[in-house]
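*Asks:* structure of the sequence below:
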Amino acid sequence: MSSLLGSTRFSFLDRSRTRDGYDGPQALRDTVALARTAETLGYHRFWVSEHHSVPGVAGSAPTVLAAAAAAATATIRIGTGGVMLPNHQPLVVAEQFGVLASLFPGRIDMGLGRSVGFTDGIRRALGRDKGDAQGFAAQLAELLGWMDGSQRVHPQVHAHPAEGLRVPPYVLATGEGAAVAAAAGLPLVVGDLRGRGKLVRAVEEYRGGFRPSAWSKRPYVIVAGTVAVAGTAQEARRLLIPEAWSMAQARTRGSFPPLMPAERIEALTMTEKERGLFEDGLSGHLAGTRETVTAELERAVEETGADEVLVTTSTYDRDALVDSMARLAGIAGLRRQSPGFRRGRPDKGP
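*Replies:* As a prediction, the model looks like this:
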């Protein structure tokens, strides 16, 4: 085990991708099962995501899914990666996390993003428009005000049961969003591991502009990206194939299909454009054997000074996915737990 990686937290994000032959409800059940796996392997936290009207992605209600994951686990921190704040009223978000934190004290993370629906139709259905993202800083400040009790639109309006609860907030952002996180004194989640130079600059700017707050006394950086570990480089590459092909289809045909088995994709005859997009989707991720991934992770953590690595891996073969998670846990020196194991005190760190 690397001493550098051994002092770095490792967590997992699942986007509830659907698979060919399996429906959306099964994808959500798979996510809950994966939360239990992450807990058993010793990962620090497990997050779920928010996507609206995206074929191939079942995770549209992250706080609801987070509740299911928290109920199915005992020790791992559970959160959102993230709730897209422009899509919601801050009061409602505060209330939802207040309920989660009340039911699962000391285990809930409030990961917040600034993206809006990616098409005009989705934005209209959500009652939002692209301009809403520009008010992210104000929305974030209002949400935190509901949480700490300083928000007062009316003396009789309170965010029950959230007010006064310590639910750690995290900002998922780059560029202007990272600056918002720094000004608010909040931990930052930034990705991906593919654009290392750009990533390093974003982290440096965040740390340079960070203002200590009641939520975080120092900068805290979580670096996110796709990681796949297997016995051979070829096996690790096969883990990436289903998502790479799905993304290629989205960019050529406008659809985002369920994940297909790697062997079926490898047998396809692709157009030149599809092949180019497919190969691009396979590149830049941290994928390979234990030795290769260890070296790449060490480099990423050293260059960014990351406090934590948030891993995501979308693939068709669930057994291969669990094997990759277990191999990564070994690289990181995570302590395997028995199902249902409970620590004496919940973790209160970022």
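
*Asks:* hey, let's count contacts and neighbours off CA atoms from now on
*Replies:* Will do.

*Asks:* any idea which helix or strand in the chain has the lowest mean pLDDT?
*Replies:* Ranked by mean pLDDT, DSSP states H and E, the helix or strand of the chain with the weakest confidence is helix 120-126, at a mean of 73.

*Asks:* other SSEs contacting it?
*Replies:* Packing partners of helix 120-126 (3 or more C-alpha pairs under 8 Å, 6 or more residues apart in numbering; DSSP states H and E): none among the helices and strands.

*Asks:* now do the buried residues in that helix.
*Replies:* 122-123 (16 or more other C-alpha atoms under 10 Å).

*Asks:* and stretch 148-155, by the same measure?
*Replies:* 148, 151.

*Asks:* quick one: average confidence on it?
*Replies:* Mean pLDDT, computed over stretch 148-155, is 81.

*Asks:* how about the helices in the stretch 201-350 of the chain?
*Replies:* 233-253, 262-266, 272-282, 290-304, 318-332 (DSSP state H, counting those that start in this stretch).

*Asks:* tabulate the CA atom coordinates of the longest one in PDB.
*Replies:* Backbone C-alpha positions of helix 233-253 (Å, rounded to 0.1, in the frame of the first residue of the first chain) are rendered in PDB as follows:
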ATOM      1  CA  ALA A 233      -4.900  -3.900 -18.700                       C
ATOM      2  CA  GLN A 234      -7.200  -5.500 -21.200                       C
ATOM      3  CA  GLU A 235      -9.700  -6.500 -18.500                       C
ATOM      4  CA  ALA A 236      -9.600  -3.000 -17.100                       C
ATOM      5  CA  ARG A 237     -10.200  -1.500 -20.500                       C
ATOM      6  CA  ARG A 238     -13.300  -3.800 -20.900                       C
ATOM      7  CA  LEU A 239     -14.800  -2.300 -17.800                       C
ATOM      8  CA  LEU A 240     -14.800   1.100 -19.600                       C
ATOM      9  CA  ILE A 241     -16.200  -0.200 -22.900                       C
ATOM     10  CA  PRO A 242     -20.000  -0.100 -22.100                       C
ATOM     11  CA  GLU A 243     -19.900   3.600 -20.900                       C
ATOM     12  CA  ALA A 244     -17.700   4.700 -23.800                       C
ATOM     13  CA  TRP A 245     -20.000   3.200 -26.400                       C
ATOM     14  CA  SER A 246     -23.100   4.700 -24.700                       C
ATOM     15  CA  MET A 247     -21.500   8.100 -24.800                       C
ATOM     16  CA  ALA A 248     -20.500   7.600 -28.500                       C
ATOM     17  CA  GLN A 249     -24.100   6.800 -29.300                       C
ATOM     18  CA  ALA A 250     -25.300   9.900 -27.400                       C
ATOM     19  CA  ARG A 251     -23.100  12.100 -29.500                       C
ATOM     20  CA  THR A 252     -23.900  10.500 -32.800                       C
ATOM     21  CA  ARG A 253     -27.600   9.600 -32.500                       C
END
